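Student: Curious how this folds, go ahead:
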Amino acid sequence: MFTRRLKPGRRPVDPAPATIVSPCDAIVGAHGPVSRGMALQAKGMDYRITDLFGDAARAAPYLNGTYVTLRLTSAMYHRFHAPADLRIQRVTHIAGDTWNVNPIALKRVERLFCRNVRAAVECTLPDGTPIALVPVAAILVASLRLHALDLTLRPDHPGPHRFDVGHDHARGEEMGWFEQGSTIIVFLPPGVHLSAGLQVGQRVRMGEAIAHLPSADGDE
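Tutor: Predicted coordinates:
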């Protein structure tokens, strides 16, 4: 298990204030625009983000936005960090299955992310821009720990459970951890753009830029 904390300096964090960085070491999976309320799980397999969040109001800021799926393998570092200076506003923990989230399962099991145990972590940046991280649990990895909550989110607790939080994290600060490899889906609102050249199968490390706020691209 790779749940031990990183030593200082082991993961340089992109300091540019207009970047969103990867919250974890991962392999990039499906990514792109949220179109007609749908995100891609794997080629030919999509899902409604409302089902993932468990609430239409919670998913609303990311309609017509973008997303990126970050898969942690069992050999990777398992803690995840703040992708920017942010405040966690709300956490919704949704009980469910623990399907494997490897590429084979993603191609075979419809709406897998929406069926598994997950937590929708709704955040805002200092300027009010919304951003959400949805850690999805998997086989042997059903428990999730967040520093913002003084409890372990477990799959055997019927829900959903909603927690109003109001907890601040600095860019790169540890937010929590899985027990073993799993998946984090990052959702961004319209106007925040994924980094050019992001590719399925690409390996990223925590702290590397994966998206840019409008000011970085010269947008209004």
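Student: Point out where the chain drops to low pLDDT.
Tutor: Along the chain, segments meeting pLDDT under 70 span 1-9, 99, 139-142, 152, 154-159, 179-181, 215-220.
Student: give me every residue that touches residue 40.
Tutor: Contacts here follow Cβ atoms under 8 Å, 6 or more residues apart in numbering; on that basis residue 40 touches 30, 32, 46. From N, CA and C alone the C-beta is placed, and that goes for glycine too.
Student: okay if I get the residues you listed as a markdown table plus secondary structure and distance to residue 212?
Tutor: Converted to a markdown table, these look like this (DSSP: H, G, I helix; E, B strand; the rest coil; distance: Cβ to Cβ, whole Å):
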| residue | secondary structure | distance to residue 212 |
| --- | --- | --- |
| 30 | strand | 20 |
| 32 | strand | 15 |
| 46 | strand | 25 |
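Student: Identify, from those, the entry nearest to residue 54.
Tutor: Taking Cβ to Cβ as the measure, residue 54 sits nearest to residue 46 out of those, at 17.3 Å.
Student: since we're on the closest residue to the closest one other than its chain neighbours, how many residues are nearby?
Tutor: Excluding the flanking residues, the one nearest residue 46 by Cβ to Cβ, 6 or more residues apart in numbering is residue 38, at 4.5 Å. Here the number of neighbours of residue 38 (other Cβ atoms under 10 Å) works out to 15.
Student: On the strand side of things, show who residue 38 bridges to.
Tutor: residue 35, residue 48 (DSSP bridges).
Student: about what we covered before: turn the contacts of residue 40 into JSON lines, columns for neighbour count.
Tutor: Compiled in JSON lines, these are given as follows (neighbours: other Cβ atoms under 10 Å):
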{"residue": "30", "neighbour count": "18"}
{"residue": "32", "neighbour count": "14"}
{"residue": "46", "neighbour count": "17"}
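Student: Of these, which is the nearest to residue 97?
Tutor: Closest approach between the contacts of residue 40 and residue 97, by Cβ to Cβ: residue 46, at 18.5 Å.
Student: the helices in this structure, which residues?
Tutor: Ranges of helices within the chain are 49-53, 56-59, 103-108, 112-115, 214-217, based on DSSP state H.
Student: Quick one, which of those helices gets closest to residue 95.
Tutor: Closest among those, using Cβ to Cβ: helix 112-115, at 10.7 Å.
Student: Show me which parts of the closest one are buried, residue by residue.
Tutor: By neighbour count on 16 or more other Cβ atoms under 10 Å, the buried set for helix 112-115 is 112-115.
Student: go on, stretch 199-219?
Tutor: Residues of stretch 199-219 classed as buried by neighbour count (16+ other Cβ under 10 Å): 204-213, 216.
Student: contact partners of it?
Tutor: Under Cβ under 8 Å, 6+ apart, the answer for stretch 199-219 is 6, 11-14, 16, 18-31, 66, 68, 70, 77, 80-81, 83, 125, 129, 172, 186, 188, 191-195, 198, 220.
Student: ditto for stretch 53-67
Tutor: In contact with stretch 53-67 (Cβ under 8 Å, 6+ apart) are residues 30-35, 37, 39, 49-50, 52, 90, 92, 94, 120, 122, 130, 132, 134, 160, 185-190, 192-194, 211.
Student: Among those, which ones are in strands?
Tutor: Counting by DSSP state E, the part of those found in strands is 30-33, 39, 90, 92, 94, 120, 122, 130, 132, 134, 185-188, 193-194, 211.
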